[in-house]
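J.: Next one to model:
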Amino acid sequence: MSLAHERLGVVRLLCFAGLGLVGLRAMALSVAPQAATLDLAAIQRWDSVEMQSRRGAIVDRSGHRLATSVVTPHVVADPRRIAPGLAPGLARELQGLLEVPAPILLEKLTASNRYQRLALHVHPAVAEAVVALPTDGLGIEHAQARHYPDERLAAHVLGFVDGAGIGRLGIEATMESYLQGGRVKVERRRDRHGDGVGDPMPPDDAFTGMTVHLTLDRAVQRVAEGALAGAVERDAPESASTVVIDVKTGDVLAMASWPDFDPNRLEEDAGPRRNRAVEAAVEPGSVLKPFTLATALDAGTVGLDTVLHLERGAWRYGGAVIHDHHRFSKLSAAQVVVQSSNIGASKLAISVGPKRFVERLKAFGFGELSGIDLPAERSGVIRDAATIRPIELATTSYGQGMTATTLQLAMATATLGNEGVRMRPRLISRIEDVHGIPEWTSRPEPVGRVVTAKTAKAVVQTMVEVTAPGGPAPRGRVSGIEVAGKTGTAQKPAAGGYGDQHVASFIALAPADEPTLAVAVIVDAPSKGRISGASVAAPVASEILAGALRHVGPATPETLQLTRDPEVEGHRPPIETDGRTVPDLLDYPLRDAIVALQDAELLYTVRGSGRVVRQIPPPGTPLDAGAAITLVLQ
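T.: Numbers count the residues shown, from 1 in each chain. Predicted structure coming up:
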């Protein structure tokens, strides 16, 4: 055998040996790979992305969603995968789909950075059209968007979520730690170039934020906002606010402010976002007189029939002159409230003395923070009993020289309706995790007794005469139901004293014999001629009570005949399905939801019974082939 053949044999032998070693190594990697090898392969095939889990929902007392998070598509591009010559034409084509100017799109499509966001939160149909374009340089990624289904409804209570996903104002801010889901690292496949492929898998439901249950009643809130809108149209004020309270529990059933805003479409002007019901403290005027009377009755310095001399409408006291609108010679203590005598109220406060009078007003909740779960609450101002001057004590008795919020007036009114026991305002009833297990609950909480039940009932019955036929505020009545009310018309402070603008206010309890609801209305600076609480604020309270009592109060023929709002009654418009996204089934009965899903040939599973309170995936989520929709009913 020649030397050449020997060398060739050695080479062949080495090749077979090498192939054998490679085969053995391949078998070892396939059958029993080492941990280090698996880690290295995973690093090359997968990368991790930190994602924010879905934010929790905010619902009303019936479970209707007032704020929710939906998954919406972003359109993104990888400029390196787009030929430079094709970019101008692609930009023009995308301009029509995304409604973004072509020059801006062209700049992004030719950028050096491999990741460019072309449009955020586009409609699923638009995303589908983008994906269908003949280029592999475009893609879709899914992200969360905060959605407020009822738009402006209760916007000041809810607040909003900023671009970084952080709650701002309202419940979104105060309950941020509960609503904000966990941040988790999720895996995404990488291609041979090391680039991410497709959307990362979203975090598991276990990391979803919690659901915050409010005491708000969506139906009552709608009634309150509608009544307030009517006052704005009639009297063109600078601002207005109202609060509706469940007398027995202290639950906030409605809280509305104007100007309002749509948290789905935030404007640059932040002024309308201010929740004036808790953030604005104004001089309330004569609506304070029932609390002055209650203080004097409880102190025993007067009785309802005690006659007070009213100096025929002008009384010099403490270095100033106190005036009444009518020249009364004398009135009983009860009629001081009904006829709204400033002089009479002053004498009631003086009979009690500054220390006891100021202490009792604070016991009603004036001059102190209520502790409601909303940011930027104002405490209002009451002068200190030790330093208050005689004239200041007198003016405070009729709501001048002190300030209060709409919430404070509503809670103080509810205290009279609750037989003298003050409740803490409750806006959140419970917070639940994704499985419906309560993380935190609250119960109605009495703060303490302010006046005796006898005193409270006497004052409430006195207030009935205010709205009775022939009384000073008949427009505060509700047909078929006795309403206990009180008007207020206060001059607004101006430089050097008081100006020409006024604050019109009204407080009310209904039904007067067994109060269920307390309402406070403040209309700031009406500008169409009418300024009094009786003509501006009382009709608002009447409309609110008439509508709200039909939902949460005793049913009477009169309340049942009121105009019915289909949305308030719970009737929803027909369910719309497009076959591409998850339809909105929230608040629908199970029967209606199933019919819609079957018509759209969508798979589904059901948990519970009643109405749909939750659906997985949420409304608006793009549908994957074969995906099933889970309905949670209650």
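J.: Please name the nearest non-neighbouring residue to the most centrally placed residue in the chain.
T.: Centroid-nearest residue in the chain, with C-alpha atoms, centre = their mean: L158, separated by 1.9 Å. What sits nearest to L158 in space, not counting adjacent residues and going by C-beta to C-beta, 6 or more residues apart in numbering, is G170, at 4.9 Å. Where you see a C-beta, it was placed from the backbone N, CA and C, and this is true even at glycine.
J.: so who does the residue nearest to the centre of the chain touch?
T.: 58, 66-67, 148, 170-172, 263 (C-beta atoms under 8 Å, 6 or more residues apart in numbering).
J.: quick revisit: residue contacts, the residue nearest to L158?
T.: G170 touches 155-160, 275, 374-375, counting by C-beta under 8 Å, 6+ apart.
J.: Just give the number of residues close to the residue lying closest to A404 once chain neighbours are set aside.
T.: Setting aside the residues directly before and after it, A404 is nearest to G380 in space (C-beta to C-beta, 6+ apart), at 4.5 Å. The tally of other residues near G380 (other C-beta atoms under 10 Å) stands at 23.
J.: Give me the secondary structure label for G380.
T.: Three-state call for G380 (DSSP: H, G, I helix; E, B strand; the rest coil): coil.
J.: where does it fall, phi/psi-wise?
T.: Note on G380: its backbone torsions stand at phi 70, psi 170 [degrees, to the nearest 10].
J.: top of the contacts of L158 by neighbour count?
T.: A67 (29 neighbours).
J.: ok, it to L603 distance?
T.: Distance, A67 to L603, by C-beta to C-beta, to the nearest Å: 28 Å.
J.: cool, I594 as well?
T.: Distance from I594 to L603, by C-beta to C-beta: 12 Å.
J.: One more: R424?
T.: Here R424 is placed at a distance of 47 Å from L603 (C-beta to C-beta).
J.: now swap in L109 and tell me
T.: 38 Å.
J.: Residue ranges in the stretch 501-634 of the chain under the pLDDT threshold?
T.: Regions of the stretch 501-634 of the chain meeting the criterion pLDDT under 70 cover residues 553-574, 578-579, 591, 595, 598-599, 601, 604-606, 608-610, 624-627, 634.
J.: quick one: L106 is in a strand?
T.: No. Assessed with three-state DSSP, L106 is helix; it does not lie in a strand.
J.: hey, C-alpha coordinates of the helix or strand harbouring V459 in PDB?
T.: Assigned by DSSP states H and E, V459 belongs to helix 453-467. Output in PDB follows, covering the C-alpha atoms of helix 453-467 (Å, rounded to 0.1, in the frame of the first residue of the first chain):
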ATOM      1  CA  ALA A 453     -82.800  63.100  68.100                       C
ATOM      2  CA  LYS A 454     -85.600  65.400  69.500                       C
ATOM      3  CA  THR A 455     -83.700  68.500  68.400                       C
ATOM      4  CA  ALA A 456     -82.800  67.100  65.000                       C
ATOM      5  CA  LYS A 457     -86.400  66.100  64.200                       C
ATOM      6  CA  ALA A 458     -87.700  69.500  65.400                       C
ATOM      7  CA  VAL A 459     -85.300  71.300  63.000                       C
ATOM      8  CA  VAL A 460     -86.200  69.000  60.100                       C
ATOM      9  CA  GLN A 461     -89.900  69.700  60.600                       C
ATOM     10  CA  THR A 462     -89.200  73.400  60.700                       C
ATOM     11  CA  MET A 463     -87.400  73.100  57.400                       C
ATOM     12  CA  VAL A 464     -90.500  71.600  55.800                       C
ATOM     13  CA  GLU A 465     -92.200  75.000  56.000                       C
ATOM     14  CA  VAL A 466     -89.500  76.400  53.700                       C
ATOM     15  CA  THR A 467     -90.700  74.300  50.700                       C
END
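J.: what sits against the residue lying closest to V503 once chain neighbours are set aside?
T.: In this structure, V503 finds its nearest non-sequential neighbour in A490, 4.7 Å apart by C-beta to C-beta, 6+ apart. Going by C-beta under 8 Å, 6+ apart, A490 touches 282-286, 399-400, 502-503, 505.
J.: Just want the angle from whichever strand or helix holds A490 to helix 453-467.
T.: Of the helices and strands defined by DSSP H and E, A490 is found in strand 484-494. Going by axes from the mean of the first three to the mean of the last three C-alpha atoms, to 10 degrees, strand 484-494 is angled at 80 degrees with respect to helix 453-467.
J.: Now do strand 484-494, average pLDDT.
T.: For strand 484-494, the mean per-residue pLDDT is 93.
J.: what pairs with that strand, and is each one parallel or antiparallel?
T.: strand 497-510 (antiparallel) (DSSP bridges).
J.: Pull the distance from the strand it pairs with to the chain's centre.
T.: 26 Å (C-alpha atoms, centre = their mean, to the nearest Å).
J.: in its sheet, what does the very next helix or strand once past it sit against?
T.: Downstream of strand 497-510, the next assigned helix or strand under DSSP H and E is strand 517-524. Strand pairing for strand 517-524, determined by DSSP bridges: strand 239-246 (antiparallel), strand 497-510 (antiparallel).
J.: tell me which residues in the longest one are buried?
T.: Looking back up the chat, that one is strand 497-510. 501-510 (16 or more other C-beta atoms under 10 Å).
J.: In JSON lines: those residues, plus distance to A229.
T.: Putting those into JSON lines (distance: C-beta to C-beta, whole Å) gives the following:
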{"residue": "Q501", "distance to A229": "21"}
{"residue": "H502", "distance to A229": "20"}
{"residue": "V503", "distance to A229": "19"}
{"residue": "A504", "distance to A229": "16"}
{"residue": "S505", "distance to A229": "18"}
{"residue": "F506", "distance to A229": "17"}
{"residue": "I507", "distance to A229": "20"}
{"residue": "A508", "distance to A229": "19"}
{"residue": "L509", "distance to A229": "24"}
{"residue": "A510", "distance to A229": "21"}
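J.: Where does pLDDT dip in the stretch 301-450 of the chain?
T.: For the stretch 301-450 of the chain (pLDDT under 70), the answer is none.
J.: Ok, the stretch 51-200 of the chain next?
T.: 51-52, 183-200.
J.: So which residues of it form helices?
T.: For the stretch 51-200 of the chain, the helices defined by DSSP state H, counting those that start in this stretch cover 87-98, 102-109, 124-131, 155-158, 170-174, 176-179.
J.: Restrict the fifth one to CA atoms and write it as CSV.
T.: Once non-C-alpha atoms are left out, helix 170-174 reads as follows in CSV (Å, rounded to 0.1, in the frame of the first residue of the first chain):
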residue,chain,number,x,y,z
GLY,A,170,-59.9,61.3,42.0
ILE,A,171,-60.0,57.6,42.9
GLU,A,172,-57.4,56.8,40.2
ALA,A,173,-54.9,58.7,42.3
THR,A,174,-55.9,57.8,45.9
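J.: heads up, I number from 507, so please use that
T.: Okay, using 507 as the starting number, the last item reads as helix 676-680.
J.: tell me how far that helix is from the chain's mean position?
T.: That offset, for helix 676-680, works out to 8 Å (C-alpha atoms, centre = their mean).
J.: same check, this time on the first one
T.: How far helix 593-604 lies from its chain's middle: 39 Å, per C-alpha atoms, centre = their mean.
J.: Pull out the buried positions in it.
T.: Neighbour counts over helix 593-604 (16+ other C-beta under 10 Å) mark 593, 596-597, 599-601, 603-604 as buried.
J.: what angle do it and helix 630-637 make?
T.: Using the same axes, to 10 degrees: helix 593-604 against helix 630-637 is 170 degrees.
J.: Looking at the strands paired with strand 1023-1030, spot the one closest to N848.
T.: N848 sits nearest to strand 1003-1016 of all the strands paired with strand 1023-1030, at 13.6 Å, using C-beta to C-beta.
J.: mind exporting the closest one as CSV, just the C-alpha atoms?
T.: C-alpha atoms of strand 1003-1016 as CSV (Å, rounded to 0.1, in the frame of the first residue of the first chain):
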residue,chain,number,x,y,z
GLY,A,1003,-65.6,93.7,51.4
TYR,A,1004,-68.3,92.1,49.3
GLY,A,1005,-69.0,92.5,45.6
ASP,A,1006,-72.0,92.2,43.3
GLN,A,1007,-71.7,88.4,42.6
HIS,A,1008,-73.6,85.8,44.7
VAL,A,1009,-73.5,82.2,45.7
ALA,A,1010,-76.9,80.5,45.5
SER,A,1011,-77.2,77.4,47.7
PHE,A,1012,-79.8,74.9,48.9
ILE,A,1013,-79.9,72.0,51.3
ALA,A,1014,-82.6,69.4,51.5
LEU,A,1015,-83.8,66.2,53.1
ALA,A,1016,-86.5,63.8,51.7
